[in-house]
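**Student:** sharing a model prediction with you, sequence too.
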Amino acid sequence: MATTPTAPTPKTNRIGLQVMDYRGSKSTLCAGCGHNAISERIIDAFYEMGIEPETVAKLSGIGCSSKSPAYFLSRSHSFNSVHGRMPAIATGAAVANHKMISIGVSGDGDTASIGMGQFVHLMRRNLPMIYIIEDNGVYGLTKGQFSATADLGSKLKSGLANELPAIDTCALAIELGATFVARSFSGDKKQLSALLKAAIVHKGTVLLDVISPCVTFNDHEGSTKSYKFMKDHEEPLHDINFVPVFDEIDVEYEPGSGVDVTLHDGSRMHLSKLEEDYDPTSRIGALTRLAQAREKEEVLTGLFYLNSSAPSFTDLLGLGDTALVHQPESVTRPGKAVLDAIMEEYR
Amino acid sequence: MRLEPCLRKRRVTFSMASTEVAPGTGTGNHATEDMVVNNFSIKVATVNGSGSQSANAILMRTVFLMGVPVSGKNLFPSNIAGLPTWFTIRVSKDGYVARKHDSEILVSMNPESATEDVTNLKPGAVVVYDEPLKLDTLRADVSFFAIPFDKLVAPVAPEPKLRKLLRNMIYVGVLGYLLQLEQAELETAISKQFYGKKRATEINVAAARAGYEYAAANFQPVRFKVERMNENAGKIIIDGNAAGALGALFGGVTFVSWYPITPSSSLIEDLIDLLKEHRREADGTPTYAVVQAEDELAAIGMVLGASWAGARAMTATAGPGISLMGEFAGLGYYAEIPAVVWNVQRVGPSTGLPTRTQQADLLSTAFLSHGDAKHPMLLPASMKECFEFGYTVFDVAERLQTPVFVLSDLDLGMNNWVSEPFDYPEVKLDRGKVLSKEDLDRLGSFARYKDVDGDGIGWRTLPGTKHPNAAWFARGSGHNERAQYSERPEDYVNNMDRLNRKWETARDVVPAPVLERTTPGAKIGIIAFGSSHWATVESVDELAKKGTAVDYLRLRAYPFNKVVAEFIATHDRVYVVEQNRDAQMLQLLKMDVDAAEVVKLRSVLHYDGHPLEAETITNSIAQQEAK
């Protein structure tokens, strides 16, 4: 997934760390679980971007997906919270220390059912964080009940068909104010890596819905979130290449061969057009294209929407260069004269 | 510890003037009757939303400025406008500030409640009423003063929309004359209320004067009189929510998340104003953040996230919000994340009596969670304690690395109280056991949940600490000492037992109880806490007058320290005074004291939604003692 195909794989990254410095403990998820592949891509992305692991905060809710922060970046602090409430923990942590990179891992049940209330408000605030939904359409940890992202007509192992329409978390995120909204597939190494690296430099809410087949409860005939179904129905919007700002060899693309979008730090994403006219900066265009994909029963992947100019929640709060957690006591506790003056007001 | 100064100065002997006197009339001369000086209550009955709050605050402040001990209680409905509301002001030369059942002065502005309000008065009372209500035919044993409010307000307020508000200032002026309030202090109180608003001050002064002049022209002062004392030098008038907000400011609060709920909202709103003013850099950059959350689940979650990151974080709520915070409170307990939560208690569900006071969230807060969990609770009784606990609660939460709750209530939080001014915190912030990068350079590594100091409290690191071994994985109870995932029975038991050692440590970290009153040889003990304190001290004096000697211990926190068990052990009977039906504090005590002591515990319960009165306690104890 290197963006510079000619460069040899380095033993260390630009801050001198090896890929093992980004690993976590051994996964306890099922062999072949899509979530493990996502953890691998996260390790690669943070390694390749040369991010200090100590500057990353990992957050999660409850479920198979939410266990996965233990399986990557063991040098980063992590908070495995309660079901559906990762957004609240993330909001408090990201505001208290906005100098860190927050990455949250949730699942489709954790996000679209029990956590829907907090999810929509996090999207609405454009909190600077990467919010990954490891989306398999099913509750794994409680042994295979439908989640709210299960497609209409998709079947459980028992043959039971889902009778309710799926919630499209990407369309919802775009509607509500998230500024980097993409869908990918845990088996699509190249696309997922490029999206994750771009997500790291984005300053705002990144919603990354990653279809991640559940090999135990949702990988059978009739499931719309199986490896086979995804291989047959994935419709990438574009080929994505990510060029970080520090990359010495800047790749130049032929004019007219695609769309180039610039991220906050000057990094660029190159989206090779598979479809003419797709503009990822158009909110209405993104929503329209998602609606069309749903009608055609195709699983559209790619970067649907990007807005690099909208203020993030920490921008709106007006936070300065010093993280709130680093404010000294001389700042956080006003002096005696302040109290004396206030007492006078109450006399 | 010590008593509030206003009580310390209070005389022990009593010279209560009798209220059982011959009825008077509005035009009567009371000079020959027994004068009642600085010892009566005023009840103002209005319609909710009619803007009487300012008028009542001015009335209370005028008495305060005359140096006389005074307290005010707003008894209001859950309604924006239209339902009956009452404001009571107690003037007490002896410094008693609890609610008093009977009022000697009634201001009757609300047709809906007027008949009942007048009927409930004791003989000899004074009624100031809106002339068209024609209340003077209701009974002959009280004095009626008919005031033509509409006629008096018209020349003062040319704009009709102001008249509704200024009618209230007319009764302030009328009472100013009848109760012989000092006019200069009344006008100072008006200026204070409308500080910086010249026009508002002028028209309110004019309205008060119109009321005063009308009364002077038509009536004589009544036998209830406010006479200057010198009990309020240097003191302030404040409500508990404002005091709590100030405490948080001086506790270094840096992150606040909240969801509005009566009666806690003004605590956060006051705090937001304070932070805006006192927590900005020269260029306006805030050194704090406030997030209005989507619900209480998110509010407590954000607090835990910010606390985990290393900020002093808090939220404030009431009972229904506490219910919603249950799951996160449990996680905070098990993952050992500090959090500060104010629970300004009130009655029941949202469709209960949300604007009425109670102390009925003790059990639900103490054990808020799933599984074996328990939380420290601080129990402020005064404005000074709302302030002091407002900052020390952060020290307690960070020292103990656990959610800590401050249990105030509507009576403390939303009513105005006279208080000594607050003292600036003497000790530095206690941020608890936090390892820095330098510590880790020296130590090499650490085990998050290992009891290295024997107090049950481990050392933590904050996210962002730039050391390869700084990180730990926060999760519930399924972990070993190194915060690694574990379902081994011995790891679970070790962890739970260490949490209990921490609980033992907490007993001496939270504020200690205060032995408020002792009587040599007293066999009877009283235990009370929070806003019940003020009726309790008054009741102790009432009981003494009846020949019942008691000692009184005031709880200031849960878990209890050993003083509480000693107090129970050294008395034959101990009455636990609390404002709930199920004797919740008594239940907590039962869990804590030796089984042999449990039989000594008895209850004094009050749960009608109105602030507790001394009479309730005195009567209950007298009845139980007579058995």
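**Tutor:** Looks like it came in fine. Note that the coordinates shown come from a computational prediction; the quantities given were computed from them, not determined experimentally.

**Student:** how about stretch A:169-182 as CSV, C-alpha atoms only?
**Tutor:** This file holds the C-alpha atoms of stretch A:169-182, laid out as CSV (Å, rounded to 0.1, in the frame of the first residue of the first chain):
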residue,chain,number,x,y,z
THR,A,169,-24.5,5.4,8.6
CYS,A,170,-22.6,7.2,5.9
ALA,A,171,-25.6,9.1,4.5
LEU,A,172,-26.6,10.0,8.1
ALA,A,173,-23.1,11.3,8.9
ILE,A,174,-23.0,13.5,5.8
GLU,A,175,-26.5,14.8,6.6
LEU,A,176,-25.5,15.6,10.1
GLY,A,177,-22.2,17.4,9.6
ALA,A,178,-19.3,14.9,9.6
THR,A,179,-16.6,16.2,7.2
PHE,A,180,-14.9,13.1,6.0
VAL,A,181,-17.2,10.3,5.2
ALA,A,182,-16.1,7.1,3.5
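
**Student:** residue 63 - how many residues pack around it?
**Tutor:** Answering for chain A, as no chain was given. 27 (other CB atoms under 10 Å in any protein chain shown). C-beta here means a position set from N, CA and C on the backbone, and glycine is covered the same way.

**Student:** wait, I meant chain B there
**Tutor:** Neighbours of B:Val63 (other CB under 10 Å): 29.

**Student:** OK, contacts around it?
**Tutor:** B:70, B:89, B:91, B:181, B:226 (CB atoms under 8 Å, 6 or more residues apart in numbering or on different chains).

**Student:** kindly state the beta-bridge partners for the third one.
**Tutor:** Here B:Val91 sits in beta bridges with B:Phe40, B:Val70, going by DSSP bridges.

**Student:** domains in chain B, as residue ranges please.
**Tutor:** Following automatic domain parsing, one gets these domains for chain B: B:5-9+B:31-232, B:238-419, B:437-495, B:514-626.

**Student:** deepest-packed of those, please.
**Tutor:** Stretch with highest mean neighbour count among the domains of chain B: domain B:238-419 (a mean of 24; mean count of other CB atoms under 10 Å in any protein chain shown).

**Student:** for A:Glu234, give its distance to chain B.
**Tutor:** The gap separating A:Glu234 from chain B is 34 Å, by CB to the nearest CB, to the nearest Å.

**Student:** which residues in the stretch 51-200 of chain B form strands?
**Tutor:** B:70-75, B:84-92, B:105-108, B:126-130, B:143-147 (DSSP state E, counting those that start in this stretch).

**Student:** just put those in JSON lines and tack on distance to B:Ile337 and mean pLDDT.
**Tutor:** JSON lines is the format used below for those (distance: least, CB to CB, whole Å; pLDDT from 0 to 100):
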{"stretch": "strand B:70-75", "distance to B:Ile337": "37", "mean pLDDT": "95"}
{"stretch": "strand B:84-92", "distance to B:Ile337": "41", "mean pLDDT": "96"}
{"stretch": "strand B:105-108", "distance to B:Ile337": "51", "mean pLDDT": "97"}
{"stretch": "strand B:126-130", "distance to B:Ile337": "55", "mean pLDDT": "97"}
{"stretch": "strand B:143-147", "distance to B:Ile337": "58", "mean pLDDT": "97"}
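
**Student:** closest to chain A among the contacts of B:Val63?
**Tutor:** B:Val70 (14.2 Å; CB to the nearest CB).

**Student:** next one: the closest one relative to B:Asn416, how far apart?
**Tutor:** Noted for B:Val70: a distance of 9 Å to B:Asn416, by CB to CB, to the nearest Å.

**Student:** if I look at those two, which residues touch both of them?
**Tutor:** With CB under 8 Å, 6+ apart as the test, B:Val70 and B:Asn416 both reach B:Met60.

**Student:** need the contact list for residue 83.
**Tutor:** Answering for chain A, as no chain was given. A:His83 touches A:61-63, A:110, A:114-115, counting by CB under 8 Å, 6+ apart.

**Student:** try again with chain B
**Tutor:** B:47-48, B:77.

**Student:** what about it, distance to B:Glu112?
**Tutor:** In terms of CB to CB, B:Leu83 sits 8 Å off from B:Glu112.

**Student:** give me the element the spatially most central residue of chain B is part of.
**Tutor:** Geometric centre of chain B, nearest residue: B:Leu412, 1.4 Å, by CA atoms, centre = their mean. Per DSSP states H and E, B:Leu412 falls inside helix B:410-414.

**Student:** tell me the most packed of the contacts of A:His83, by neighbour count.
**Tutor:** A:Asp110 leads those on contacts (other CB under 10 Å) with 32 neighbours.

**Student:** quick check: it is in a helix.
**Tutor:** Yes. The assignment for A:Asp110 (DSSP: H, G, I helix; E, B strand; the rest coil) places it in a helix.

**Student:** my guess is it contacts A:Pro87, does it?
**Tutor:** No. A:Asp110 lies out of contact with A:Pro87 (CB atoms under 8 Å); the separation is 10.0 Å.

**Student:** going along the chain, name the strands of the stretch 1-150 of chain A.
**Tutor:** Using DSSP E, counting those that start in this stretch, strands in the stretch 1-150 of chain A cover A:56-60, A:77-80, A:101-107, A:129-135, A:138-139, A:145-146.

**Student:** how about those strands, which one is nearest chain B?
**Tutor:** Nearest of the strands of the stretch 1-150 of chain A (CB to the nearest CB): strand A:77-80, 3.7 Å.

**Student:** which residues does the residue nearest to the centre of chain B contact?
**Tutor:** Taking CB under 8 Å, 6+ apart as the test, what B:Leu412 contacts is B:239-240, B:344, B:380-381, B:383, B:386, B:530-531.

**Student:** looking at those, spot the one nearest B:Ile58.
**Tutor:** Set against B:Ile58, the nearest of the contacts of B:Leu412 by CB to CB is B:Asp239 (15.6 Å).

**Student:** any idea how far that closest one lies from chain A?
**Tutor:** 10 Å.

**Student:** list the contacts for that residue?
**Tutor:** Contacts of B:Asp239 (CB under 8 Å, 6+ apart): B:266, B:383, B:412-417.

**Student:** next: B:Thr570.
**Tutor:** Contacts of B:Thr570 (CB under 8 Å, 6+ apart): B:Gly525.

**Student:** equivalent analysis for the one 10 residues further on, please.
**Tutor:** The neighbours of B:Asn580, taking CB under 8 Å, 6+ apart as the test, are B:358-360, B:362, B:605, B:607.

**Student:** neighbours of B:Arg507, how many?
**Tutor:** 18.

**Student:** circling back to that earlier point, pLDDT added to the contacts of B:Leu412, as CSV?
**Tutor:** Converted to CSV, the contacts of B:Leu412 look like this (pLDDT from 0 to 100):
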residue, pLDDT
B:Asp239, 97
B:Gly240, 98
B:Val344, 98
B:Pro380, 98
B:Ala381, 98
B:Met383, 98
B:Cys386, 98
B:Gly530, 98
B:Ser531, 98
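
**Student:** from those, which land in helices?
**Tutor:** Among the contacts of B:Leu412, DSSP state H puts B:240, B:383, B:386 in helices.

**Student:** from those, pick the one nearest chain A.
**Tutor:** Of these, the one sitting nearest to chain A (CB to the nearest CB) turns out to be B:Met383, at 9.5 Å.

**Student:** does stretch A:126-137 reach chain B?
**Tutor:** No. Applying CB under 8 Å from any CB of the partner chain, one finds stretch A:126-137 separated from chain B by no less than 9.8 Å.

**Student:** can you give me the end-to-end distance of that stretch?
**Tutor:** Across stretch A:126-137, the terminal residues are separated by 25 Å (CA to CA, to the nearest Å).
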